[in-house]
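Asks: Give me coordinates for this.
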Amino acid sequence: MEQELYSHPSLLFKSQIGEVRKRTFKEQFMRSAFTSLDYEPIMECRVSATVNYIDIDPTMKFSLASDCDGNISIYEIEEEARGRLRLIERRQFVPLTLNKSQWFPIDNGLIAATYPNKVVLVDTNTLKLLDSYDFGQKKIYSSDWNKLNPNLITVGTSGSSIRFIDIRSGCCLQQITVASLLGSSNHSVSRVCWSPIDEECLFAGDSSGFIHIFDIRKPRQSLQSIGSDNTTCEPVVNLSFTCDNMNLITAHGAQSHLSQWTFKNRTLVNSNINYPFSYCRPTSKKKSSAINISTAFYKCQLYVTETLLFKPISVPNFGSEICVYDLKNGERLRTLSPTTWNPDNCMNVHCVTGFHRDYPVLISGSKRYIRVWGLENNKKDAEQRTNQYHEDDWC
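Replies: From the prediction side, this is the model:
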């Protein structure tokens, strides 16, 4: 029975002779059980345009979807239906591509919507615009809401600049200029991300592939600027922290090469974990950085759990939509695809997110669909019974 239950006999043997502590054994068992589960699409929401970003509110009851037609789609996450989505409202506030819409970090009373040249605030109760911040000729590539100081929104733009929005005063605050370490004339800030543990610490990725760390109280010079040898000259298209806030996951270029960095004392160190990829997105033969910016910067959203990394596959007709990696060692565990695959229902996916309430759920966005991925009921119930049965032994 034990050999059948625990999928790692070597680990079980070590635990029996006292070489593995109970906590370590529990963590590794839970990790093995979680990664062995198979996700299947449990529902599809058809959309009219490519979905660029999906965000889930702090209560995990509502989700936002941003698409290329400029629509903000608000969905209710139905708990009784194991994460299925029900469309509440779809609105277009600006007739431009909506790069990102993000919930207010504390509750779901506000939405920040980022367009190519402006950021707007929306009241979710009335669905009316509260404020608008126009950036003129500068093109916006990224934005992020400070979860520790919800009054601040940071914006990464063309012209190597980072701007700050104070929603209390309605003003755009000081500007940070990010230096081009390669001397590029067409240099931009492609991604921005606040530290989840330090409200004054800001991360910025640029079009040259470098990551910069700033203390916003002393913005004239970065605390650190670092790049990886195999991702230099590839723009940073994603910045995501792990659940323990100790590591930063970055994605670079049109192929979304993944790197992991250890973050400690406001310094990044390359963890040297290799995340292989088995597909190649077609790229233009032209070497204009402007083309790379327009195609790659907007559409790459990763989802990171305690043990897994979910990466969207942005290659049409590849046969799969999400690649799943082991977060700790970079091993590619599997790819997720619809059960009945055909060229019409398997799309190039640009964003994936999820949550883990009483059950794990993934939500992905592509050219034609928003898909919800869940576990089969019998697998979920069996997993709960197994964990409950052994809970006392692990305490």
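Asks: From here on, just use CA atoms for contacts and neighbour counts.
Replies: Noted.
Asks: For Asn125, which non-adjacent residue is spatially closest?
Replies: Excluding the flanking residues, the one nearest Asn125 by Cα to Cα, 6 or more residues apart in numbering is Gly109, at 6.8 Å.
Asks: Thr262 now?
Replies: Nearest one to Thr262, counting by Cα to Cα, 6+ apart, is Asn247 at 4.5 Å.
Asks: where are the low-confidence patches of the chain?
Replies: The model of the chain has pLDDT under 70 over residues 1-37, 80, 230-232, 278-298, 316-319, 339-347, 376-395.
Asks: residues making contact with stretch 155-173?
Replies: With contacts defined as Cα atoms under 8 Å, 6 or more residues apart in numbering, stretch 155-173 is touched by 131, 133, 138-144, 151-154, 174-180, 186-192, 204, 206.
Asks: List buried residues within these.
Replies: Burial by neighbour count, 16 or more other Cα atoms under 10 Å: within the contacts of stretch 155-173 this picks out 133, 138-144, 151-154, 176-180, 187-192, 204, 206.
Asks: For Asn245, give its distance to Phe164.
Replies: Asn245 is 23 Å from Phe164, where distance means Cα to Cα, to the nearest Å.
Asks: of those two, who's got more company?
Replies: Each of Asn245 and Phe164 has its neighbours counted (other Cα atoms under 10 Å); Phe164 has more, 21 against 14.
Asks: The strand or helix carrying that one - which strands sit beside it in the sheet, and in what orientation?
Replies: Assigned by DSSP states H and E, Phe164 falls within strand 161-166. In the sheet, strand 161-166 lines up against strand 152-157 (antiparallel), strand 171-177 (antiparallel) (DSSP bridges).
Asks: what residues does the next helix or strand after the longest one touch?
Replies: Towards the C-terminus, the helix or strand next in line after strand 171-177, according to DSSP H and E, is strand 189-194. Contacts to strand 189-194, defined as Cα under 8 Å, 6+ apart, come from residues 141-147, 154-162, 178, 201-207, 235-240, 293, 297.
Asks: neighbours of Ile211, just the number please.
Replies: By other Cα under 10 Å, 24 other residues sit near Ile211.
Asks: ok, for it, nearest residue in space, not its chain neighbours?
Replies: Gly205 (4.5 Å).
Asks: now for whichever strand or helix holds that neighbour, which elements pack on it?
Replies: Assigned by DSSP H and E, Gly205 belongs to strand 201-206. If contacts are counted by 3 or more Cα pairs under 8 Å, 6 or more residues apart in numbering; DSSP states H and E, strand 201-206 sits against strand 189-194, strand 211-215, strand 236-241.
Asks: Compute the inter-axis angle for the strand holding Phe164 and strand 201-206.
Replies: Strand 161-166 and strand 201-206 are oriented at 140 degrees to each other (axes from the mean of the first three to the mean of the last three Cα atoms, to 10 degrees).
Asks: So which bits of strand 161-166 are buried?
Replies: Buried, per 16+ other Cα under 10 Å, within strand 161-166: Ser161, Ile162, Arg163, Phe164, Ile165.
Asks: Export these to JSON lines and append columns for distance to His257.
Replies: Putting these into JSON lines (distance: Cα to Cα, whole Å) gives the following:
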{"residue": "Ser161", "distance to His257": "24"}
{"residue": "Ile162", "distance to His257": "24"}
{"residue": "Arg163", "distance to His257": "27"}
{"residue": "Phe164", "distance to His257": "29"}
{"residue": "Ile165", "distance to His257": "31"}
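Asks: one step back: please convert the strands paired with strand 161-166 to TSV, extending it with distance to Thr50.
Replies: Converted to TSV, those look like this (distance: least, Cα to Cα, whole Å):
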stretch	distance to Thr50
strand 152-157	22
strand 171-177	30
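Asks: which stretch among those comes nearest Val304?
Replies: Taking Cα to Cα, strand 152-157 is the member of the strands paired with strand 161-166 nearest to Val304, at 22.0 Å.
Asks: what about dumping the CA coordinates of that closest one to CSV?
Replies: C-alpha atoms of strand 152-157 as CSV (Å, rounded to 0.1, in the frame of the first residue of the first chain):
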residue,chain,number,x,y,z
LEU,A,152,1.4,54.2,-6.7
ILE,A,153,1.3,52.8,-10.2
THR,A,154,4.5,52.6,-12.2
VAL,A,155,4.7,52.7,-16.0
GLY,A,156,7.5,51.6,-18.4
THR,A,157,7.6,53.5,-21.6
